[in-house]
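Novice: Sequence plus predicted model, see below.
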Amino acid sequence: MKRFFESLRPADRSAINSVPDGLFLVRVDRVKYQWHANKPHYSIRFAVLEPKHLAGCLITGRLYCTARAMWKLSWFLRDFGYDTELLNNDEIDDKAMIRLKGIVKISHVMVHGLSLLNLDGFAPAARWEELSPSTISDGVPGSEVA
């Protein structure tokens, strides 16, 4: 049996310590459904594509599947280009989510002494040029990820 341990990879790929808050163009690298009686969720690992200096870093976050949180999961699936037929049939295929691309806005928060990563927003990958931090910092007005 094989086991995966996030801390075994080289330190420069450890996302929680190296990826700052902000917007990232990412690809879904791994998806795993985690059943929990009160808070079932998808654990999603993203590989950063842009900005280039962080390319290859991995970001792992959670999207909850509770009745109150389904809007965020739907937002993620829609903006990342998930199969609309499956979405319209209220079906989620973990394998169909692998390799989807899009923009994610992340932030870190401290809760009870633990650093947690929040997935704050999503946008289609096609909007990267408009929303990328380099474009915004150059003074070109652009909208934010809603």
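Specialist: Received, thanks. Numbering: from 1, shown residues only.

Novice: can you give me the strands in the chain?
Specialist: 22-34, 41-50, 58-64, 101-111, 114-124 (DSSP state E).

Novice: Out of those strands, which gets nearest to Glu91?
Specialist: Among the strands of the chain, the nearest to Glu91 by CB to CB is strand 22-34 (12.8 Å). The C-beta positions use only the backbone N, C-alpha and C, and glycine is treated the same way.

Novice: If we go by neighbour counts, what in the closest one is buried?
Specialist: Leu23, Phe24, Leu25, Val26, Arg27, Val28, Val31 (16 or more other CB atoms under 10 Å).

Novice: so how far is that strand off the chain centroid?
Specialist: Centroid displacement of strand 22-34 relative to its chain, using CA atoms, centre = their mean, to the nearest Å, is 4 Å.

Novice: what is the nearest residue to Tyr64 once chain neighbours are set aside paired to in the beta sheet?
Specialist: Distance criterion CB to CB, 6 or more residues apart in numbering; nearest residue to Tyr64, sequence neighbours excluded, is His41 at 4.5 Å. Here His41 sits in beta bridges with Gln34, Tyr64, as judged by DSSP bridges.

Novice: can you start the count at 42 instead of 1 from here on
Specialist: Sure, I'll start counting at 42 from here, so that last one is His82.
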